[in-house]
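S.K.: the following comprises the amino acid sequence and a computationally predicted model.
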Amino acid sequence: MRRAIVLALLLACGLAGLAQAETPVLPPDQAALRDEMARIHAGHVDADALQRIDSDIAAMPAGAAHMGMATGAPYPSLKATQFTPAPAAQPPTSKWTRLASYAPDSPRADTPKADTPKAEVSKPDAPKAEAKPQRTYVGRETCESCHQQEATNWAHTIHAKVFQQNPRTELQAQNCEACHGPGSAHVEDPSDLTTIISFSKKSKTPVAEQNGQCLTCHAGGQRIFWHDSIHDSNQLGCADCHNPMTTFGARGLTARESINETCFQCHKAQHAEFARRSHMPLLEGKLSCTDCHNPHGSTTAPLLKADSVNEVCFTCHADKRGPFLFEHAPVRESCLNCHSPHGSNFENLLNAPRPVLCQQCHSQDGHPGSLLTAGNMARGPMPDPRLIATSCQTCHVNIHGSNSPSGARFER
Amino acid sequence: MRPRLKTPTRWLLAATAPLAAPLAVTAAQADSGTTGYGGPGNVLNPTAQVMNRARDNDGLSIIDDVTRTPTGLMYPVPFRTPDMTQSQSDPDWWTQGWFEAGIMGTFGQDSRSAALNEYGDWKNGFTVTGLGFSAENRKTALHASAYGQNLGRTDQYYQVDVGRYGVFDLQAYFDSIPHTFSTTAKSLWDGAGTGNLTLRGGLTPGGSTPAQVNAVAAAVGPSTLRILREKAGSSLTYTADEHTELFLKISDEQRNGTQPISATFGYPFQNGATQLIQPIHYQTVDVTGGVRYKEQNFQANLAYAGSFFRNDILDLTWQNPGLTSNTTPGAYIPQTGRLSLAPNNDYHTVKGDLAVQLSPASRFTASLSYSLMRQDDELQAPSTGAGLITSGANTINLGQWNSASALSQPTANAAINILNAVAQYHYTVSPDLGLTVEVRDRDEANRTNYVAYNPQTGQYGYIAIDGGLAPFIPSLSGIYQANTPGSLVQIRNMPFANNELQATVKAAYRLDTHWKLDLSYENDTIDHTVREIADAHDNIARLQVSTTGYEWGTARLSYEFARRIGSDYQSNPYTPYYSSALPGYIPATPAGDPAFALADLRKFDVANRTEHVLRGQANYILSPRSDLQLTGSVKVDEYDAAYGLQATHAYDVTAAYTYQMSAATTLTGYFTYQNQDRGVANINATGSGTSGSAGSAGYPLANGWTETVGSDNYTVGLNAHHSWGVISLNADYTFTRARTAIDYAFASTGAFFNSLTPAQAGSSFPDITYDSHALQTDVRWQMSEELSYRLYYRFNYERVVDFHYTGLTAGAINNNTYLGVVPETYTVQTIGLLVQYVF
């Protein structure tokens, strides 16, 4: 029944989307767009830059303006405004991508041409546009003439090696400008950061567009669930976790020296938990956060790499996977019922010390509900195996499940 | 038992398997989309660097010497990566090689420093910490590299890569992780590491005395219990074009060694528990492969993952020393026991993901996976014994229970199928408002069906703990005796499974240029199979506010409220799986059986619950070169439970400070405080009456007790780096202190069967504490571009106090035997002098 509901919802969603796709496109309201851009950039840029952006919009042909907004750029993309001929079919205006950073790139990304003719500027009330310089690709050497140190660091990255040794698209062949956009305007006025796409705190490029720039090449795959993931909704930029300009770490162009250090930038409590008495070997360099989590989004809220907690745990702990002849209900449901995977003050990553861990649930007739006290310690007046060492698991040893025909109580 | 390949063969196959596949296949390193560990790193290299490098005093940029992430945190000072050297013979090829080696000495290690080597290898002597070579052809983009770390040590790592940039990458690796449990174990048995433990000389199966056990334990030298995880794997990634990537990933992990385990021959009051040594001989082969496709408005993934676990030793048989607190003359005492170990099992999953940009304003994302878990090992006989047991009015002939003929089926035939479907639709309502609807359905079907029935005797049930209980507590013998009142025995497996349907609606609204508000509501419906509640509904509301773009930094705050309400709670949903469901069952008394469980207790994983979660984070840019970061969270769970887990509370706060005086001088520090507590209540059952209510004869309030567990954890981390030109110093210090207080109160000594006086019981356990100090300094002298020296020093102190192990030694304690495996405290210092050469 529920599967039917799910399938029905899937179908409904798909039909709704298709219906939306067929909605007639309204012409853009350029004045509204200019107001919106002014609002977006207020506080980010100075008055001169604001004026420049306004001029950009005014100078945009209708199609290009559409393209910039409709394809996910939070403001008219530099590339869109300068290099894309007006398309025949105009997609609808959508400014929403400022929030949901889904930014499928426009066709411009696939056909970057330094010599693409500038789109016609026809708006009569935009005289500044006539004098506006055309933005073109300037080439890596031009960038490096000022950014020598950046070039030195970048040269060792995988991006540099692919872009310089074996670019597989025209965009990749643009090297620096593949990510930062055409640099001619930036060359003319390096102090105006609105003329270049950048990825740092002082960047004038909104985070959603920064991410859209990365997703131009890196959409899908491991990032297919990025949109609306917790990291996306918290407005994290790709550059919060990655720094493609150097090789801090061995893998993934991370923003810190390792994957773990990168995650610990924000996840401070988890960092502290891994320093506790029982922990997995992250701080010893043998595991990383991404062995269990996919920070780029997943089908689960905690960004797990599998569809459930247990399926993640079984990746390494296949001996606990079973299925067993006799199973323990909370174990089959979630390992987290008893374990704290990020670290614990108790042995074996347990959430609580035994026997009280077990006595949270067990009260059966017999011994499970008995209070164990300090008098039951190894050298107390009444030593009790239910307390000493592994406590309840001294007898109920196969607590993760037993494959013995005599293992109904997990004793064999 | 299914055989496995010999180790070298397996690793060779794992390393070369992708080569045998069509070239259009595999997975890359650091693949965040597929599971499994693997990568460089060890205790000397915790950040998993491929090569030890000095910091670059020129920083990331000459123009902006301090750069920050979009959130506002400063990027660290980059490393100075040595350049490759152009080949004289072929100018298209560039190469680089490096090695780092030296002498390491760790002082203070003794027989009680197992935790030092828990996940690392601090062996003294010559060590090669790094060795590697890489080459690339800058004309063809072909590249190859190979490197190793901590060569010959138990935490060693090796990796080989061959590929063409942007086209394909073939990788093979070998990773080794030690896991040391104890260096103080004293075994009463010979045969540690095998499936058969035989008592050492001086001990008699089923007939030893505590004095004899203690004598043997005193004479045995300590041994180390440790597992070594060695994993070999390979992956191949092939980027066919800008749209299509194929991947294949194969790994073969072997775990070998020993770890402590235990088992018993008696009820707690009989004692007779034995701490044993479990052999670990595991092999897990994982295979993952698939295709990832992307274009502008459409992306899709299709992948298969298989995991195959094999255990060379499926059960552990051991001789029983025979200690027991029972004094009944002539009573049966088992001479051997047999414990089932992890069974062989297979796991398969096929998963497809899809993302479609339906229009500029709408997006559809979906995922569908189907997984199979299978386990079909041969079942062992219910008992190892062969004698007759007098069990109340009945006699049990173990000879009819010690072979496979005593089983209703020869193999486990256990199976679980899982369907997981996720669909998400996003619609942009306006520039400032977006809506998302998400539906998630997860159906688990547990197909395992086992009946504990002996066709030889025509009886339901099994032999509990190899017959140890039958003479003394006949009702717990494990065998259903048809004509005996109260012969309550589990006769079937319980096929636990969950089905879960989640529906979520999200709204994201931009308040202004800087602020964003996210709201969501989620309804979860969970159907349980064989649980205290049939279904539960969780209603979850979330509010999240985040701000970015301010000059001063970034702030994020979220609050979540969840309320779970389930159907009627049944304290005993297990009746169909017990002998009470059989025709002719006779209750313990004419009025019925004693209650199975306390009816007023609620198992927390299915109980009605109210949850509050508050999380916050603020990054404040104090100055162009300094950051202050504050994070914290509060989580409160209140269960509608008079007994059982009643509540948990947890909160944490962290303050972190970073100061980059220059690229040559940096300071960072953080302090984290975490607090957790939980409260539990329970009643010690009497076995009287038939009611499970609190206050009834079976659960009198006089037997009630409560317990609270409260933990305080403090963690401090400091790092300082300074460079004096060619000489640099990096220092790290981490301090951790954790203290857990466990207090209890009881209505009367009935809470613990009057075995102790109130004064003996006290009101709390000694605190569980953990203290750790780790200071590590690294002085690097970059003598030339090629040659550098490192002087490494580490001070490490660790102390664990845990009442579970206080006073515990190897030998007999109250007719139970222990290995003497206890938490170990140590203070060690490590000094190393290493030389690195890059060529």
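M.R.: Yes, it's here. All of these numbers come straight from a predicted model, not from anything done at the bench.
S.K.: which parts of the stretch 451-600 of chain B are strands?
M.R.: B:453-454, B:459-460, B:497-510, B:515-529, B:535-550, B:553-566 (DSSP state E, counting those that start in this stretch).
S.K.: how far away from the center of its chain is the last one?
M.R.: What that stands for is strand B:553-566. 26 Å (C-alpha atoms, centre = their mean, to the nearest Å).
S.K.: buried ones in that strand?
M.R.: B:553-556, B:558, B:560, B:562, B:564, B:566 (16 or more other C-beta atoms under 10 Å in any protein chain shown). The C-beta positions use only the backbone N, C-alpha and C, and glycine is treated the same way.
S.K.: give me the residues contacting that strand.
M.R.: A:234, B:71-72, B:533-548, B:606-621, B:627 (C-beta atoms under 8 Å, 6 or more residues apart in numbering or on different chains).
S.K.: what pLDDT does the residue in the stretch 201-350 of chain B that chain A sits nearest to get?
M.R.: Residue of the stretch 201-350 of chain B nearest chain A, by C-beta to the nearest C-beta: residue B:299 (2.9 Å). On pLDDT, residue B:299 comes in at 97.
S.K.: ditto for the one 10 residues further on
M.R.: What the model reports as pLDDT for residue B:309 is 98.
S.K.: surely it forms part of a helix?
M.R.: No: Residue B:309 is assigned strand when assessed by DSSP: H, G, I helix; E, B strand; the rest coil, not a helix.
S.K.: residue B:668 contacts residue B:730, correct?
M.R.: No: at 11.2 Å, residue B:668 does not count as touching residue B:730 under the criterion of C-beta atoms under 8 Å.
S.K.: so what sits against both of these two?
M.R.: Between them, residue B:668 and residue B:730 share these contacting residues under C-beta under 8 Å, 6+ apart: residue B:719.
S.K.: start and end of stretch A:162-170, how far apart?
M.R.: Across stretch A:162-170, the terminal residues are separated by 12 Å (C-alpha to C-alpha, to the nearest Å).
S.K.: pick the one among the buried residues of strand B:553-566 closest to residue B:136.
M.R.: Lowest distance from residue B:136 to those (C-beta to C-beta) belongs to residue B:554, with 38.8 Å.
S.K.: bridged to the closest one, which residues?
M.R.: Beta-bridge pairing for residue B:554 (DSSP bridges): residue B:619.
S.K.: contact partners of stretch A:348-358?
M.R.: Contacts to stretch A:348-358, defined as C-beta under 8 Å, 6+ apart, come from residues A:278-280, A:337-341, A:343-344, A:346, A:360, A:368, A:372, A:386-387, A:390-393, B:678, B:680, B:707, B:709, B:740, B:742, B:768, B:804.
S.K.: show only the entries of those residues found in strands.
M.R.: Cross-referencing these against strands under DSSP state E gives B:678, B:680, B:707, B:709, B:740, B:742, B:768.
S.K.: and the first one, how many neighbours?
M.R.: Right, the one you point to is residue B:678. Neighbourhood size, residue B:678 [other C-beta atoms under 10 Å in any protein chain shown]: 22.
S.K.: ok, now which ones touch it?
M.R.: Neighbour list for residue B:678: A:352, B:645, B:647-649, B:708-709 [criterion: C-beta under 8 Å, 6+ apart].
S.K.: now with 10 Å, please.
M.R.: Residues near residue B:678 by C-beta atoms under 10 Å, 6 or more residues apart in numbering or on different chains: A:351-352, A:356-357, A:360, B:604, B:637, B:645-650, B:707-711.
S.K.: quick check: pLDDT value at it.
M.R.: Per the predicted model, pLDDT is 98 at residue B:678.
S.K.: please apply the same query to the third one.
M.R.: At residue B:707, the model reports a pLDDT of 98.
S.K.: just grab the bridge partners of it for me.
M.R.: residue B:680, residue B:744.
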